[in-house]
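Novice: coords below, sequence missing:
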C-alpha cells in the first residue's frame with residue numbers, strides 16, 4: 001500500500017468510490033474512508049487526523065495522500081540546504097546540558113521540533129534546562145519502509161522544490177543519531193520507542209534513510225543553529241560536566257561534601273597551628 005511502485009492513481013480510486021460507496025452513502029468521502037489508513041501508518045505518537053482537510057482530495061495516489069498528512073497546518077517554510085552550524089549528536093547535546101522531551105499532546109504538526117534555551121546559560125541548572133522537544137517515534141519493521149517510500153515520493157514530486165517535510169525530519173534524526181548510545185539516550189528520554197530489539201539496528205536504520213539523497217530543503221535550520229549556539233557556550237558544557245562528575249549519584253555527592261569538609265577542617269587546623277606558634 002505504501003510502496004511507490006504499487007500506487008494506484010487517486011482518480012481511479014475516486015471513480016471506484018463514486019460508483020460504489022458514494023451511491024449508498026451520499027455524505028461519505030474518500031478521504032474520510034482513508035483516515036483509518038492514516039492512523040495505521042502513523043509512526044508517531046501524536047494523532048494526525050486533525051491535519052486532514054478537503055484539499056487532500058486532489059492527490060496523485062495514496063502515498064501522496066499520506067505524505068500530505070504530514071504537512072504542518074500552519075506556515076512553516078523550509079530553508080534551502082542544511083544548517084551551516086556544526087552538527088551535534090544526542091549524547092553530545094546531553095553532555096552540554098540539553099534534555100529531550102516529547103512534544104506536547106496538542107502539537108498540531110506531528111513532526112514539529114522546538115528548542116528552548118535557558119535565558120541565563122550560567123544558571124541553566126536551576127533557572128530552566130535547555131530543552132529539545134521532538135515527536136515520539138515508533139521504530140519497528142514498518143518504520144524504515146514507510147519513511148523510505150515517503151522520502152522517495154517527496155524527491156520525485158515537483159513540490160519538493162518548496163518543501164520536503166519528511167526528508168527534513170529523517171535528516172534531523174540522522175543528525176541526532178550517530179551510534180547506539182544516541183538511540184539509548186533518546187529511549188531514556190522517552191522520545192523513541194524501539195521495537196527492533198537492538199539499539200544498533202535502530203541507529204543503522206536512521207543513518208541509512210538519507211544516504212545518497214540530495215537535501216535541498218530543511219525545516220529545522222533555526223532549531224539546529226540555536227542548539228549549536230548553546231553547545232558552544234562556555235557555561236553549559238562545564239556545568240553539565242560538573243553535574244556528571246560530582247552530582248550524578250548520592251555517593252558522588254557524599255564524596256564531594258566529604259572532600260570539601262576535609263579541606264575546610266585542614267585549613268582551619270593549619271590556621272590554628274600557625275597562630276599557636
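Specialist: Sure thing, it's come through. Everything quoted here is computed from the prediction, not taken from an experiment.
Novice: Going by C-alpha atoms from here, please, whenever you check contacts or count neighbours.
Specialist: OK.
Novice: how about low-confidence regions in the stretch 151-277 of the chain?
Specialist: For the stretch 151-277 of the chain, applying pLDDT under 70 flags the ranges 158-162, 234-253, 256, 277.
Novice: For it, which segments are assigned as strands?
Specialist: Taking DSSP state E, counting those that start in this stretch, the strands of the stretch 151-277 of the chain run over residues 192-194, 217-218.
Novice: packing partners for the helix ranked longest in the chain?
Specialist: Using DSSP state H, we find that the single longest helix of the chain is helix 250-276. Contacts defined by 3 or more CA pairs under 8 Å, 6 or more residues apart in numbering; DSSP states H and E place helix 250-276 against helix 234-246.
Novice: For the residue nearest to the spatial centre of the chain, which non-adjacent residue is spatially closest?
Specialist: Against the mean C-alpha coordinate of the chain, by CA atoms, centre = their mean, the closest residue is residue 134 at 3.9 Å. Using CA to CA, 6 or more residues apart in numbering and skipping the chain neighbours, the partner closest in space to residue 134 is residue 113 (4.7 Å).
Novice: Next up, the contacts around that neighbour.
Specialist: 103, 132-135, 220, 223 (CA atoms under 8 Å, 6 or more residues apart in numbering).
Novice: now with 10 Å?
Specialist: For residue 113, the contact set (CA atoms under 10 Å, 6 or more residues apart in numbering) comprises 102-103, 107, 132-135, 169, 172, 219-220, 223-224.
Novice: Could you do residue 190 as well?
Specialist: Each residue near residue 190 by CA under 10 Å, 6+ apart is listed here: 100-102, 135-137, 184.
Novice: thinking again about what came up before, run the chain-centre distance for the longest helix of the chain.
Specialist: The chain centroid and the centroid of helix 250-276 are separated by 46 Å under CA atoms, centre = their mean, to the nearest Å.
Novice: Tell me how far residue 222 lies from residue 113.
Specialist: 10 Å (CA to CA, to the nearest Å).
Novice: okay, and the common contacts of the two?
Specialist: By CA under 10 Å, 6+ apart, no residue touches both residue 222 and residue 113.
Novice: residue ranges with poor pLDDT in the stretch 1-150 of the chain?
Specialist: Counting by pLDDT under 70, the stretch 1-150 of the chain contains low-confidence ranges at 6, 49-59, 75-81, 84-85, 119-128.
Novice: Please repeat the previous calculation with a cut-off of 80.
Specialist: Scanning the stretch 1-150 of the chain with the threshold set as pLDDT under 80 gives 1-2, 4-10, 26-28, 30-32, 35, 37-38, 47-60, 73-86, 118-128.
Novice: for it, what spans make up the helices?
Specialist: For the stretch 1-150 of the chain, the helices defined by DSSP state H, counting those that start in this stretch cover 10-19, 21-24, 30-41, 62-69, 90-95, 124-127, 141-156.
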